[in-house]
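>>> Sharing a model prediction with you, sequence too.
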Amino acid sequence: MSSWFRLGDYELLTVSDGVLHLDAGSVFGVTPRVMWEPLVGPLDEEYRLAVGLNCLLVRSQGKLILVETGVGSKTTRVPRGSGVAQAGTLLEDMARQGIRPEDVDIVINTHLHFDHCGGNTIYRDGKLALTFPRARHFLQKGEWEEANHPNERTRASYLPENLEPLADSGQLELVEGEAEVIKGVRMLPAPGHTAHHAIVEVASAGQTALYIGDIAQHPLMLERLAWISSFDVLPLVSLETKKRILERAVAENALLVGVHCPPPGLGRLRLVEGKRKWDAL
(Lines give C-alpha, C1' and ligand atoms only; values in the text may rest on other atoms or scores of the structure.)
Protein backbone atom coordinates (compact mmCIF):
# COMPACT_ATOMS: atom_id res chain seq x y z
CA MET A 1 0.00 0.00 0.00
CA SER A 2 1.31 3.45 -0.91
CA SER A 3 1.61 6.10 1.79
CA TRP A 4 1.06 9.85 1.72
CA PHE A 5 4.28 11.81 1.39
CA ARG A 6 5.08 15.51 1.51
CA LEU A 7 6.24 17.78 -1.26
CA GLY A 8 6.64 21.20 0.29
CA ASP A 9 3.22 22.26 1.54
CA TYR A 10 1.42 19.47 -0.30
CA GLU A 11 0.60 15.87 0.53
CA LEU A 12 0.74 13.38 -2.34
CA LEU A 13 -0.42 9.80 -2.70
CA THR A 14 -0.38 7.48 -5.69
CA VAL A 15 -3.41 5.23 -6.08
CA SER A 16 -3.91 2.52 -8.66
CA ASP A 17 -6.65 1.58 -11.08
CA GLY A 18 -4.89 -1.75 -11.56
CA VAL A 19 -3.03 -3.10 -14.57
CA LEU A 20 -3.52 -2.65 -18.31
CA HIS A 21 -2.13 -5.03 -20.93
CA LEU A 22 -1.05 -3.38 -24.18
CA ASP A 23 0.36 -4.84 -27.38
CA ALA A 24 4.10 -4.59 -26.81
CA GLY A 25 4.93 -3.65 -30.39
CA SER A 26 2.43 -0.80 -30.30
CA VAL A 27 3.94 0.55 -27.09
CA PHE A 28 7.39 0.91 -28.65
CA GLY A 29 6.24 2.04 -32.08
CA VAL A 30 8.85 1.92 -34.83
CA THR A 31 11.65 0.93 -32.44
CA PRO A 32 12.86 -2.50 -33.59
CA ARG A 33 11.78 -5.40 -31.41
CA VAL A 34 15.37 -6.65 -31.02
CA MET A 35 16.22 -3.41 -29.20
CA TRP A 36 13.45 -3.33 -26.61
CA GLU A 37 12.38 -6.95 -26.09
CA PRO A 38 15.43 -8.02 -24.02
CA LEU A 39 14.85 -5.08 -21.66
CA VAL A 40 11.12 -5.17 -20.86
CA GLY A 41 10.70 -8.45 -19.01
CA PRO A 42 8.05 -11.12 -19.61
CA LEU A 43 5.15 -10.61 -22.01
CA ASP A 44 1.86 -12.53 -21.87
CA GLU A 45 0.71 -15.18 -24.33
CA GLU A 46 -0.78 -12.51 -26.58
CA TYR A 47 2.52 -10.64 -26.64
CA ARG A 48 1.19 -7.87 -24.44
CA LEU A 49 3.05 -5.77 -21.91
CA ALA A 50 1.62 -5.17 -18.44
CA VAL A 51 1.63 -1.46 -17.58
CA GLY A 52 0.48 0.45 -14.52
CA LEU A 53 -2.54 2.72 -14.16
CA ASN A 54 -1.12 5.10 -11.58
CA CYS A 55 -3.32 8.01 -10.49
CA LEU A 56 -2.27 10.80 -8.14
CA LEU A 57 -4.01 12.39 -5.18
CA VAL A 58 -2.88 15.87 -4.10
CA ARG A 59 -4.08 17.34 -0.81
CA SER A 60 -3.60 21.04 0.03
CA GLN A 61 -5.48 24.24 0.87
CA GLY A 62 -8.49 22.26 2.00
CA LYS A 63 -8.82 20.62 -1.43
CA LEU A 64 -8.41 17.03 -2.58
CA ILE A 65 -7.33 16.71 -6.23
CA LEU A 66 -7.33 13.49 -8.23
CA VAL A 67 -5.14 13.40 -11.34
CA GLU A 68 -6.39 10.79 -13.82
CA THR A 69 -8.96 8.05 -13.16
CA GLY A 70 -7.72 5.05 -15.14
CA VAL A 71 -9.88 2.64 -17.11
CA GLY A 72 -12.76 2.48 -14.64
CA SER A 73 -15.45 -0.18 -14.52
CA LYS A 74 -17.16 0.40 -17.90
CA THR A 75 -15.03 -1.96 -19.96
CA THR A 76 -17.37 -3.36 -22.60
CA ARG A 77 -16.27 -0.98 -25.36
CA VAL A 78 -12.54 -0.59 -24.79
CA PRO A 79 -10.37 -1.13 -27.89
CA ARG A 80 -10.01 -4.75 -28.94
CA GLY A 81 -6.83 -6.31 -27.60
CA SER A 82 -6.54 -4.00 -24.59
CA GLY A 83 -6.36 -6.24 -21.56
CA VAL A 84 -8.47 -4.64 -18.85
CA ALA A 85 -9.35 -7.67 -16.72
CA GLN A 86 -7.09 -6.41 -13.93
CA ALA A 87 -8.19 -2.76 -14.18
CA GLY A 88 -10.97 -0.85 -12.45
CA THR A 89 -9.58 -0.93 -8.89
CA LEU A 90 -9.25 2.84 -8.26
CA LEU A 91 -12.23 3.25 -5.94
CA GLU A 92 -11.16 0.21 -3.92
CA ASP A 93 -7.63 1.54 -3.58
CA MET A 94 -8.93 4.94 -2.50
CA ALA A 95 -11.30 3.31 -0.01
CA ARG A 96 -8.36 1.56 1.62
CA GLN A 97 -7.06 5.05 2.37
CA GLY A 98 -10.42 6.10 3.78
CA ILE A 99 -11.25 8.29 0.77
CA ARG A 100 -14.76 8.30 -0.71
CA PRO A 101 -15.70 9.54 -4.19
CA GLU A 102 -17.55 12.49 -2.67
CA ASP A 103 -14.35 13.59 -0.90
CA VAL A 104 -12.72 14.57 -4.22
CA ASP A 105 -12.99 18.29 -5.04
CA ILE A 106 -11.16 18.37 -8.39
CA VAL A 107 -10.39 15.83 -11.12
CA ILE A 108 -7.69 16.60 -13.72
CA ASN A 109 -7.23 14.57 -16.89
CA THR A 110 -4.08 14.85 -18.99
CA HIS A 111 -6.15 13.72 -21.99
CA LEU A 112 -9.31 11.73 -22.66
CA HIS A 113 -8.19 8.31 -23.85
CA PHE A 114 -10.19 5.52 -22.23
CA ASP A 115 -7.37 4.42 -19.90
CA HIS A 116 -6.94 7.91 -18.43
CA CYS A 117 -10.52 9.09 -17.93
CA GLY A 118 -12.67 5.95 -17.91
CA GLY A 119 -13.07 6.24 -14.15
CA ASN A 120 -14.58 9.72 -14.48
CA THR A 121 -18.01 8.13 -14.98
CA ILE A 122 -19.83 5.13 -13.61
CA TYR A 123 -23.11 3.32 -14.01
CA ARG A 124 -25.28 4.13 -11.00
CA ASP A 125 -28.77 2.62 -10.85
CA GLY A 126 -28.40 1.73 -14.51
CA LYS A 127 -27.60 5.29 -15.60
CA LEU A 128 -24.33 6.99 -16.39
CA ALA A 129 -23.22 9.43 -13.70
CA LEU A 130 -20.11 11.20 -12.48
CA THR A 131 -18.02 8.92 -10.28
CA PHE A 132 -16.86 11.91 -8.22
CA PRO A 133 -20.14 13.78 -7.82
CA ARG A 134 -18.81 16.98 -6.23
CA ALA A 135 -15.68 17.39 -8.32
CA ARG A 136 -14.92 20.06 -10.90
CA HIS A 137 -13.28 18.35 -13.87
CA PHE A 138 -10.38 20.19 -15.52
CA LEU A 139 -9.55 19.42 -19.16
CA GLN A 140 -7.84 21.12 -22.04
CA LYS A 141 -10.48 22.67 -24.31
CA GLY A 142 -8.85 21.36 -27.48
CA GLU A 143 -8.74 17.82 -26.09
CA TRP A 144 -12.43 17.99 -25.21
CA GLU A 145 -13.31 19.14 -28.71
CA GLU A 146 -11.23 16.44 -30.39
CA ALA A 147 -12.63 13.73 -28.11
CA ASN A 148 -16.16 14.76 -29.03
CA HIS A 149 -15.32 14.89 -32.76
CA PRO A 150 -12.91 11.97 -33.27
CA ASN A 151 -11.63 10.77 -36.60
CA GLU A 152 -11.11 7.24 -37.88
CA ARG A 153 -7.75 7.00 -36.11
CA THR A 154 -8.81 8.32 -32.71
CA ARG A 155 -12.39 7.23 -32.12
CA ALA A 156 -11.46 3.84 -30.64
CA SER A 157 -9.80 5.62 -27.72
CA TYR A 158 -12.44 8.31 -27.14
CA LEU A 159 -15.51 6.60 -25.68
CA PRO A 160 -18.78 8.61 -25.45
CA GLU A 161 -19.73 7.07 -22.11
CA ASN A 162 -16.64 8.69 -20.59
CA LEU A 163 -17.66 12.12 -21.90
CA GLU A 164 -21.43 12.52 -22.03
CA PRO A 165 -22.22 12.89 -18.31
CA LEU A 166 -19.59 15.64 -18.05
CA ALA A 167 -21.12 17.72 -20.82
CA ASP A 168 -24.38 18.24 -18.92
CA SER A 169 -22.99 18.26 -15.39
CA GLY A 170 -22.11 21.94 -14.98
CA GLN A 171 -18.84 20.71 -13.44
CA LEU A 172 -16.65 20.82 -16.54
CA GLU A 173 -13.80 23.35 -16.54
CA LEU A 174 -12.22 23.75 -19.98
CA VAL A 175 -8.85 25.50 -20.00
CA GLU A 176 -6.48 26.58 -22.76
CA GLY A 177 -2.72 26.27 -22.43
CA GLU A 178 -1.11 26.69 -19.02
CA ALA A 179 -3.71 26.81 -16.26
CA GLU A 180 -3.43 27.01 -12.48
CA VAL A 181 -6.00 24.71 -10.89
CA ILE A 182 -5.16 25.75 -7.36
CA LYS A 183 -2.07 27.57 -6.14
CA GLY A 184 0.95 25.44 -6.99
CA VAL A 185 -0.91 22.91 -9.17
CA ARG A 186 -0.83 23.65 -12.90
CA MET A 187 -1.73 21.99 -16.17
CA LEU A 188 1.03 22.42 -18.73
CA PRO A 189 0.70 21.74 -22.48
CA ALA A 190 2.66 18.65 -23.58
CA PRO A 191 1.47 17.89 -27.12
CA GLY A 192 2.35 14.86 -29.18
CA HIS A 193 0.51 11.88 -27.78
CA THR A 194 -2.55 13.94 -28.66
CA ALA A 195 -2.50 17.47 -30.01
CA HIS A 196 -3.73 18.89 -26.68
CA HIS A 197 -2.18 16.44 -24.24
CA ALA A 198 -1.07 18.02 -20.95
CA ILE A 199 0.99 17.17 -17.90
CA VAL A 200 0.39 18.28 -14.31
CA GLU A 201 2.93 20.16 -12.22
CA VAL A 202 2.89 20.32 -8.43
CA ALA A 203 5.40 22.88 -7.11
CA SER A 204 6.02 23.97 -3.53
CA ALA A 205 8.96 25.17 -1.41
CA GLY A 206 11.45 24.68 -4.23
CA GLN A 207 10.32 21.12 -4.96
CA THR A 208 8.56 19.92 -8.10
CA ALA A 209 6.57 16.85 -9.07
CA LEU A 210 5.48 16.23 -12.65
CA TYR A 211 2.65 13.86 -13.53
CA ILE A 212 3.78 13.06 -17.04
CA GLY A 213 0.68 11.56 -18.64
CA ASP A 214 1.47 9.66 -21.83
CA ILE A 215 4.76 11.25 -22.83
CA ALA A 216 6.06 7.73 -22.10
CA GLN A 217 4.40 4.37 -21.51
CA HIS A 218 7.47 2.61 -20.06
CA PRO A 219 10.54 3.75 -18.08
CA LEU A 220 12.77 2.82 -21.03
CA MET A 221 11.02 5.54 -23.02
CA LEU A 222 12.10 8.11 -20.45
CA GLU A 223 15.71 7.08 -20.92
CA ARG A 224 15.56 7.04 -24.73
CA LEU A 225 14.08 10.10 -26.45
CA ALA A 226 13.52 8.47 -29.84
CA TRP A 227 11.49 5.55 -28.45
CA ILE A 228 7.98 6.86 -29.11
CA SER A 229 4.72 4.94 -28.98
CA SER A 230 2.65 4.19 -32.06
CA PHE A 231 -0.29 5.56 -30.07
CA ASP A 232 1.10 9.09 -30.44
CA VAL A 233 -0.75 11.00 -33.15
CA LEU A 234 2.09 13.54 -33.57
CA PRO A 235 5.30 11.54 -33.02
CA LEU A 236 7.76 14.26 -34.01
CA VAL A 237 5.99 16.71 -31.73
CA SER A 238 6.20 14.06 -29.00
CA LEU A 239 9.95 13.97 -29.50
CA GLU A 240 10.30 17.71 -28.89
CA THR A 241 7.93 17.57 -25.92
CA LYS A 242 9.83 14.71 -24.31
CA LYS A 243 13.13 16.51 -24.82
CA ARG A 244 11.86 19.69 -23.17
CA ILE A 245 10.20 18.01 -20.21
CA LEU A 246 12.92 15.46 -19.50
CA GLU A 247 15.68 18.08 -19.67
CA ARG A 248 13.74 20.05 -17.08
CA ALA A 249 13.19 16.94 -14.94
CA VAL A 250 16.93 16.25 -14.82
CA ALA A 251 17.90 19.88 -14.20
CA GLU A 252 15.42 20.29 -11.33
CA ASN A 253 15.69 16.75 -9.93
CA ALA A 254 11.93 16.68 -10.26
CA LEU A 255 9.87 13.81 -8.92
CA LEU A 256 8.15 12.12 -11.85
CA VAL A 257 4.87 10.24 -11.66
CA GLY A 258 4.69 7.80 -14.57
CA VAL A 259 1.11 6.76 -15.30
CA HIS A 260 2.11 3.50 -16.95
CA CYS A 261 5.31 2.81 -15.03
CA PRO A 262 5.28 -0.09 -12.55
CA PRO A 263 3.31 0.95 -9.42
CA PRO A 264 3.57 3.30 -7.66
CA GLY A 265 5.09 4.97 -10.72
CA LEU A 266 7.41 7.31 -8.81
CA GLY A 267 10.96 8.03 -9.84
CA ARG A 268 13.59 10.52 -10.89
CA LEU A 269 15.85 10.87 -13.90
CA ARG A 270 19.56 11.41 -13.41
CA LEU A 271 22.48 11.60 -15.79
CA VAL A 272 24.99 8.75 -15.70
CA GLU A 273 27.91 9.26 -18.07
CA GLY A 274 25.78 11.65 -20.09
CA LYS A 275 22.82 9.28 -20.41
CA ARG A 276 19.46 9.48 -18.65
CA LYS A 277 18.81 6.78 -16.04
CA TRP A 278 15.40 6.14 -14.44
CA ASP A 279 15.60 5.62 -10.69
CA ALA A 280 12.34 4.17 -9.42
CA LEU A 281 11.33 5.06 -5.88
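Looks like it arrived, so ask away.

>>> Pull out the buried positions in the helix or strand of the chain with the lowest mean pLDDT.
Across the helices and strands of the chain, the lowest-confidence element by mean pLDDT, DSSP states H and E is helix 164-167, at a mean of 92. Buried residues in helix 164-167, defined by neighbour count with 16 or more other CB atoms under 10 Å: Pro165, Leu166. All C-beta spots, glycine's among them, are computed from the backbone N, C-alpha and C.

>>> And it, how far out from the chain middle?
20 Å (CA atoms, centre = their mean, to the nearest Å).

>>> after it comes which helix or strand?
Remark: after helix 164-167, the chain's next helix or strand is strand 172-175, criterion DSSP states H and E.

>>> I'd like to know which elements that next one is packed against.
Here strand 172-175 is seen to pack against strand 136-140, helix 141-148 when contacts are counted using 3 or more CB pairs under 8 Å, 6 or more residues apart in numbering; DSSP states H and E.

>>> buried residues in the last one?
Yep, that's helix 141-148 we're talking about. Quick answer for helix 141-148 (16+ other CB under 10 Å): Gly142, Glu143, Trp144, Glu146, Ala147.

>>> same deal with stretch 195-205?
In stretch 195-205, counting by 16+ other CB under 10 Å, buried: Ala195, His196, His197, Ala198, Ile199, Val200, Glu201, Val202, Ala203, Ser204.

>>> Mind putting these into JSON lines with secondary structure and distance to Thr31?
Converted to JSON lines, the buried residues of stretch 195-205 look like this (DSSP: H, G, I helix; E, B strand; the rest coil; distance: CB to CB, whole Å):
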{"residue": "Ala195", "secondary structure": "coil", "distance to Thr31": "23"}
{"residue": "His196", "secondary structure": "coil", "distance to Thr31": "25"}
{"residue": "His197", "secondary structure": "coil", "distance to Thr31": "20"}
{"residue": "Ala198", "secondary structure": "strand", "distance to Thr31": "25"}
{"residue": "Ile199", "secondary structure": "strand", "distance to Thr31": "22"}
{"residue": "Val200", "secondary structure": "strand", "distance to Thr31": "27"}
{"residue": "Glu201", "secondary structure": "strand", "distance to Thr31": "28"}
{"residue": "Val202", "secondary structure": "strand", "distance to Thr31": "31"}
{"residue": "Ala203", "secondary structure": "strand", "distance to Thr31": "33"}
{"residue": "Ser204", "secondary structure": "strand", "distance to Thr31": "36"}
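
>>> export those residues to JSON lines and tack on pLDDT and distance to Arg48?
Below are the buried residues of stretch 195-205 laid out as JSON lines (pLDDT from 0 to 100; distance: CB to CB, whole Å):
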{"residue": "Ala195", "pLDDT": "98", "distance to Arg48": "27"}
{"residue": "His196", "pLDDT": "98", "distance to Arg48": "28"}
{"residue": "His197", "pLDDT": "98", "distance to Arg48": "23"}
{"residue": "Ala198", "pLDDT": "98", "distance to Arg48": "27"}
{"residue": "Ile199", "pLDDT": "98", "distance to Arg48": "26"}
{"residue": "Val200", "pLDDT": "98", "distance to Arg48": "27"}
{"residue": "Glu201", "pLDDT": "98", "distance to Arg48": "32"}
{"residue": "Val202", "pLDDT": "98", "distance to Arg48": "32"}
{"residue": "Ala203", "pLDDT": "98", "distance to Arg48": "36"}
{"residue": "Ser204", "pLDDT": "97", "distance to Arg48": "38"}
